[in-house]
Each structure stands twice: as C-alpha cells, then as structure tokens.
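*Asks:* Need the 3D shape of this:
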Amino acid sequence: MSRLRRLASIWLGLALVQVARAAPTPAAGKNEPVPIQAFFATAALANVRVSDDGRQLAFVVRNEKGRRSIAVWEVATQKGGIVFVPNDDDVDFLFWKSGRVVFGGDAGGNESQALRSMAPDGTDLRDLSESYKEGRPLEGPVVAHLQSRLRDDPNAVLIAGYGARRHSSGDWEAGGAFGLYRLDVKTGQRFLVEPWKDRALRYFVDPVSGAIYGRVMQSGEESVFEMRLPPDGPFREVGRAKATEEKMDFLGLLPDGKTALMEIKGTDEHDRTALYAFDLVKMERGSLIYEPPAGEITALKRAPGGQLVGIDYEAEKPSHHWTEGSFARVHASLSKTFPGTDVVLVHASSDLKVHVILVRSDRDPGTYYVFDAAKPQLVKLGRVLPDIDPARMADRQPISYAARDGLVIHGYLTLPPSGQRPAPLIVAPHGGPFGIRDHWEYDAETQFLASRGYAVLQVNYRGSGGYGEKFKLAGKREWGRKMQDDLTD
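*Replies:* Presented below is the predicted three-dimensional model:
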C-alpha cells in the first residue's frame, strides 16, 4: 500500500503507535514550565474503533500538518499507518461497517458534517453526504444525521435527512422529503424508511438495530411521547409534559425488540435518574433496571449484539456499573492494573475477544490500549497528548460546602503542582448555565493555569446538571443572584 506509512514499533513486546505530530513541543526540563502549546494541542490519537472481526483498528490521528487524519492498524502484526489525510474537512468521528471505514467531519466548524466511506487502505473513497457550503441551504439534501449503524444490514446505516441524488455538476440535489433513510455506505443511495411526520420533534431509534420505536410530537406547549412496537406497530401515547419539563426519555431497545430502555428523571420517585424497562407490548413501565447510588446516569454500555452490559454514572467522579459478568471482570482487572484512573471500555469486536481501552484521569488526557482477552495481552497503542506528563500535572480535588441558604454545592479545586502556598485563586465558572457541569477529568485550561502558579476553583452552582432535577431547578430565575452567591460563598 503506497499510501500506508509505518507508525508502529515494538518495544519490549508492546506496540506503541508513534503518531506523527504537528510542530513537536520542545521537551520541558523539570524546572521549566510545560509549554503552553502542549496543553492545547490537537489530540494525537482519538476515536479508536476495532473492526467487527477484531483484526484491525481505525482511529483519528494528528498528522505532521496538524490535520485530523485516519490511520489503520493491524492487530496481529501491530503495524499500521495513516491511510487518509483530508484536504477539506477534519475527521471528527469514524466507525467500521462491513469492512469499510465510515467517517465524518465538518468544514470550518459549521457543525454540518460530511459523511464518507473508504476501504481500510484508504482507497475506494465515497462521498455519502456533504458539509455545508456557502450559498447552499444548511437544511437541504446535503445533510445526513447518523441515527443507527444498523447491525443486521451489511450495506447501510440509518440517517435523518433528505432524499438526495447526484446532479450532473457532481453536487447533491434534493430527491425526496425529510425523513429517516437507509444510506448505502458504498453507493450513497438513500432509501426512505419513515417519513418525518409534521410536528415530530424527534424519533426514538435504537442505535444498534435501527428499529424505530417511538417519537415525540409537539402539541402546543407540550411534548407528547408516542411509542410503538417495531417494526410497524401503531404509535400510542404514553405520556406528555411541558416541553421544558420532560421527565422521561428512551435510550434504546433490548435485543428482544419488545423492551425499551426508559430513563426517568425529576420525579418525586427519582429526582436524579433511574433506568427502567418499558414494555412495548403492554405500553407500560416495567421493572427497575438500575438507579445510581449518587449522581446521574451518563451513558449506557451496549455489546455489539445490543445487550445492555453496563451503565455509566457520575457524581464527583465517573463510575461504572456492570450488568454482564465478562465486562465486569475485564474492567475490574484493568482497574487494578491502573489504580486511581478512570478505565473506559471504549469498543469491542463482535466476539468480545478484542477490546479498545482508554485509561485517563484528572492529570492524564488518556492512553489507549488494546486488550486481547483470549491471550490475555495488553498492548499500548498511544497517548492522547504525548507532550503532557501526568506526573507534572495537578490533582483535581472534589470539594463541597454549604451555601448561605444551606444548599450543598459541589465543585473542584486544583492547586499548583509546585506546592506554592498560598496561591492566587481564579474562580472559573462553567457555561450554560442550566444542565451543564464541570467534571473530574483532564482540563487543559485548568492545568495550564495551575502550572503557572494559580489555584483554580470550579463550582457546580445551583442550576448545574448532574445533581438531580431539584438542584437544577433551584437555579431558576437565580442568574446573577443565588447562582452568584454560590460562587462567592
């Protein structure tokens, strides 16, 4: 493969991908501050995904010119290289589909992502949709909002967008109404699955199977939740609420196709979050699956076949609850290997033998590993930001205190790693303000300020997300009032 450049070298039996860097940062001596560009550099390695058969990895890398490009790596030989360098849109995400790499990105930060596919060696590149172009309508035939990877369809994914066809000029042009379409990843052809009904705010689509099992309709100021038994059962109303006070959501289907995963939040029964089974035959809420002991649910972990294997939640730090034994054992073993970190099971092959692992912390942007469960063997793939030395970063300490009215406020305090005391303090409130929160994670801006001798206080004031609906609503009409008090207290 003439376009394939070698990136991997084997050291002591472990493979480390040496990702090409843009303008490498000069190494800082122990007594010299870490250069500012090291903190804010584009990730050298991201979005690592393993092929269904477990033989290859595809991931986003930073090439020598700083472009977010695509590399492919062979698991057996531990060799690989860059196979695609974009000349227009940086690559934002990628995934495997029937032996092809499907990927997307936008041009100029316009949040309208182009979608493409290619063979693993970078050949046979196909345009599937366009990013926004000057003078073209943003909502038109160019868009393709990914809804599902369609586990059981070897050739297509499910998108929300318009029907489209190629104009003689080579551009896309309108070829059908807005709706949910099967998009062929080899030809770019679109086949209508479900027209988008007037006043439909969103559809519930299982991200694994692509089954359409519900929708939210607008009725005046209310959101009406309508569910159906897939593939073509009638939609039936199961609840309604003011658009700003929705207390339910649906996060996917279990493999039986009859049970939806229902999230409840902001009720007297569950102020934070709880996950229930919802029976699509009886159209009623079933048994409780999980309620986190603290914080809120942040993500569900699904196996390649669609089974629910774990639930992520976050209070002061990220936590993982496992519902399937093999995933629990892998995670427990790796957590012992990397104490004091957040071990994330990112992706797995269809047979669950090859896992992509990300190990990260408040001091470390992360390191990717490949775990072969059959051997077992752990191979280091590469670091997200190679110029960041976790040993020189600062701890991000969870804190809590009572505001002047007694409400408990949580946040994080980062002190200079130099040990300088006292240190000048910067209060850095998050944006939003509602529903947003700061997290226990590597924060480039905070670490930079700490490296220059500042202490940084980040407060999840009332109105922030992650602490329940009552806490969020406590910030209602308190912008510049009690929200500000939370910062100054």
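*Asks:* is it true that Asp443 touches Ala394?
*Replies:* No: the pair Asp443 / Ala394 is not scored as a contact, 9.8 Å apart, by CB atoms under 8 Å. For glycine as for every other residue, the C-beta is placed from the backbone atoms N, C-alpha and C.
*Asks:* Now for those two: what residues contact both?
*Replies:* Thr414 (CB atoms under 8 Å, 6 or more residues apart in numbering).
*Asks:* quick one: Arg421 and Lys186, what's the gap?
*Replies:* Relative to Lys186, Arg421 is positioned 62 Å away (CB to CB, to the nearest Å).
*Asks:* Between the two, point out the one with more neighbours.
*Replies:* More crowded of Arg421 and Lys186, by other CB atoms under 10 Å: Lys186, with 15 against 8.
*Asks:* hang on, that one packs against Ser117?
*Replies:* Yes: the pair Lys186 / Ser117 is scored as a contact, 6.9 Å apart, by CB under 8 Å.
*Asks:* Now for the two: what residues contact both?
*Replies:* Counting by CB under 8 Å, 6+ apart, the residues touching both Lys186 and Ser117 are 100, 126.
*Asks:* mind listing the strands for the stretch 1-150 of the chain?
*Replies:* 8-11, 14-17, 45-50, 56-62, 68-74, 79-84, 93-97, 100-105, 114-118, 126-129, 145-148 (DSSP state E, counting those that start in this stretch).
*Asks:* C-terminal to the lengthiest strand in the chain, what's the next element?
*Replies:* In the chain, assigned by DSSP state E, the strand with the most residues is strand 172-184. The helix or strand immediately downstream of strand 172-184 is strand 190-195, counting by DSSP states H and E.
*Asks:* which helices and strands does that next one pack with?
*Replies:* Secondary-structure packing of strand 190-195 (3 or more CB pairs under 8 Å, 6 or more residues apart in numbering; DSSP states H and E): strand 156-166, strand 172-184.
*Asks:* relative to strand 156-166, how tilted is that strand?
*Replies:* 110 degrees (axes from the mean of the first three to the mean of the last three CA atoms, to 10 degrees).
*Asks:* Can you point out the buried residues in stretch 374-382?
*Replies:* Neighbour-count burial for stretch 374-382 flags 378-382 (criterion: 16 or more other CB atoms under 10 Å).
*Asks:* does Phe448 count as helix, strand or coil?
*Replies:* Recorded secondary structure, Phe448: helix (DSSP: H, G, I helix; E, B strand; the rest coil).
*Asks:* Just give the number of residues close to Val216.
*Replies:* Val216: 22 surrounding residues under other CB under 10 Å.
*Asks:* Can you tell me who it pairs with across the strands?
*Replies:* Arg202, Phe225 (DSSP bridges).
*Asks:* Just confirm it contacts Leu201, I think it does.
*Replies:* Yes: look at Val216 against Leu201 with CB under 8 Å: they come within range, at 4.5 Å.
*Asks:* which residues do these two both contact?
*Replies:* The contact lists of Val216 and Leu201 share Ser223, where a contact means CB under 8 Å, 6+ apart.
*Asks:* just for the stretch 101-250 of the chain, where's the confidence low?
*Replies:* 107-112, 132-141, 167, 170-172 (pLDDT under 70).
*Asks:* Could you tell me which residues within the longest helix anywhere in the chain count as buried?
*Replies:* In the chain, with assignment by DSSP state H, the single longest helix is helix 325-337. Residues of helix 325-337 classed as buried by neighbour count (16+ other CB under 10 Å): 327, 330-331, 334.
*Asks:* can you redo these as CSV with distance to Arg67?
*Replies:* Output for those, formatted as CSV (distance: CB to CB, whole Å):
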residue, distance to Arg67
Phe327, 35
Val330, 34
His331, 34
Leu334, 32
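*Asks:* Tell me how many other residues crowd the closest residue to Lys470 other than its chain neighbours.
*Replies:* The shortest distance from Lys470 to any non-neighbouring residue, by CB to CB, 6 or more residues apart in numbering, is to Asp271 (5.4 Å). When neighbours are defined as other CB under 10 Å, Asp271 has 17 of them.
*Asks:* quick revisit: which strands and helices sit next to the longest strand of the chain?
*Replies:* Judged by 3+ CB pairs under 8 Å, 6+ apart, strand 172-184 is in contact with strand 126-129, strand 156-166, strand 190-195.
*Asks:* Pull it out as CSV, backbone CA atoms only.
*Replies:* C-alpha atoms of strand 172-184 as CSV (Å, rounded to 0.1, in the frame of the first residue of the first chain):
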residue,chain,number,x,y,z
TRP,A,172,-26.0,16.6,-4.4
GLU,A,173,-29.5,17.8,-5.1
ALA,A,174,-32.9,17.2,-3.5
GLY,A,175,-34.5,13.9,-4.2
GLY,A,176,-37.1,13.4,-1.5
ALA,A,177,-38.7,14.8,1.6
PHE,A,178,-37.1,14.9,5.0
GLY,A,179,-37.3,11.6,6.9
LEU,A,180,-35.4,8.6,8.1
TYR,A,181,-33.4,6.9,5.3
ARG,A,182,-31.2,3.8,4.8
LEU,A,183,-27.9,5.2,3.4
ASP,A,184,-25.8,2.7,1.4
